[in-house]
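S.K.: just to be clear, the model below is a prediction. Sequence and coordinates:
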Amino acid sequence: MKSLDDLKGWLIDLDGTLMVGDVLLPGASKFVQSLRENKYNFRFVSGTTKLSRRSIAERLRSLGIETDAEEIFTAASAAAELLKTFEGIKCNFVVAPELLEEFKEIESSGRNPDYVIIGDIGSQMDYEMLNKAFKLVMGGTELIALRKNRYYRNSEGLQIDAGAFVAALEYSSGKQAKIIGKPSRQFYNLAVHDIRTEANQRWLSGEFAMVGDDIEADIKGAMDAGLVGILVKTGRFNDSYGEHFGIVPDFTFDSIVELAEALSRK
Ligand SMILES: [Mg+2]
């Protein structure tokens, strides 16, 4: 039986777990406080491919959670970590302008790049951009997708997501994109690596937990990568639980409130 007591590092989903829209969920501040009091290493994990870690940290601070960009982990920071390990590579970025700051250590080039990196750029996506990316992929450039979500919901209802454009490129080129964001195993491996490096520890994957509201992206993804999966029944829980993929989370809490209580009892 897994125990919360054995955990060394935590990954904490933001939307639907700690917050909904621009409002913190009850217990969110207390939970983060418990992590700090217990001296855990952790990262806030966001599925967005539109915002930089800097602006996610600003958003959290405006809600009263003290943090900085170093404590945030996103698909873009995961991709940047991975790309940095390949010496001398060049990439073509099809991402929101703000996201480019995550890739400032990587050479950007539209000519014979090694990789095309695609994220969500919302209504700015157009035929020219897709066609340029398509031509690069046909010329041998590898395609990396920061996410492949079908759609998302905002205040104006359902919106088509970057996954549809990734699928378009895959369809036309006959090649598969490498997906870096949740629920890919690589995303979780890179997040764990980020914490291990900071803590200078060799903790095992099973000593890390992922806390989230999405049974597929958060729980299945993390458990496939060997992490402890902790489901909270807020946010997307009701949408996603219908398709629970046969996944039984290691722990389930009604919300972050109950998890914060379990941690503070330690
Ligand atoms: Mg979520």
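M.R.: Nice, thanks for sending it over. Residues are numbered from 1 along each chain as shown.
S.K.: which helices and strands does the longest helix along the chain pack with?
M.R.: In the chain, assigned by DSSP state H, the helix with the most residues is helix 185-199. The helices and strands touching helix 185-199, judged by 3 or more CB pairs under 8 Å, 6 or more residues apart in numbering; DSSP states H and E, are strand 9-13, strand 41-46, strand 72-74, helix 75-84, strand 208-212, helix 221-224. Where C-beta positions appear, they are placed from N, C-alpha and C, glycine not excepted.
S.K.: in TSV, list those along with mean neighbour count, mean pLDDT and distance to the ion.
M.R.: Below are the helices and strands packed on helix 185-199 laid out as TSV (neighbours: other CB atoms under 10 Å; pLDDT from 0 to 100; distance: least, CB to the ion, whole Å):
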stretch	mean neighbour count	mean pLDDT	distance to the ion
strand 9-13	25	98	4
strand 41-46	23	97	9
strand 72-74	26	98	13
helix 75-84	23	96	13
strand 208-212	28	98	5
helix 221-224	22	95	12
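S.K.: where does the chain come near the ion, residue by residue?
M.R.: 13, 15-16, 213-214 (CB under 5 Å from the ion).
S.K.: quick one: Lys175 and the ion, what's the gap?
M.R.: Counting by CB to the ion, to the nearest Å, the separation of Lys175 from the ion is 30 Å.
S.K.: kindly apply the preceding question to Gln159 instead.
M.R.: According to CB to the ion, Gln159 stands 16 Å off from the ion.
S.K.: contacting residues around Gln33?
M.R.: Ala260 (CB atoms under 8 Å, 6 or more residues apart in numbering).
S.K.: assumed it was part of a helix.
M.R.: Yes - judged by DSSP: H, G, I helix; E, B strand; the rest coil, Gln33 forms part of a helix.
S.K.: tell me how far the longest helix of the chain is from the chain's mean position?
M.R.: In terms of CA atoms, centre = their mean, to the nearest Å, the centre of helix 185-199 is set 12 Å apart from its chain centre.
S.K.: can I get it in PDB, CA atoms only?
M.R.: Once non-C-alpha atoms are left out, helix 185-199 reads as follows in PDB (Å, rounded to 0.1, in the frame of the first residue of the first chain):
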ATOM      1  CA  ARG A 185       5.300   9.800 -20.000                       C
ATOM      2  CA  GLN A 186       8.100  12.100 -21.100                       C
ATOM      3  CA  PHE A 187       6.400  15.100 -19.600                       C
ATOM      4  CA  TYR A 188       6.300  13.500 -16.100                       C
ATOM      5  CA  ASN A 189       9.900  12.200 -16.500                       C
ATOM      6  CA  LEU A 190      11.100  15.700 -17.300                       C
ATOM      7  CA  ALA A 191       9.200  17.200 -14.400                       C
ATOM      8  CA  VAL A 192      10.600  14.700 -11.900                       C
ATOM      9  CA  HIS A 193      14.100  15.300 -13.400                       C
ATOM     10  CA  ASP A 194      13.600  19.100 -12.800                       C
ATOM     11  CA  ILE A 195      12.900  18.500  -9.100                       C
ATOM     12  CA  ARG A 196      15.700  15.900  -8.700                       C
ATOM     13  CA  THR A 197      18.200  18.300 -10.200                       C
ATOM     14  CA  GLU A 198      17.100  21.200  -8.000                       C
ATOM     15  CA  ALA A 199      17.200  19.000  -4.800                       C
END
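S.K.: many thanks, I have nothing further to ask.
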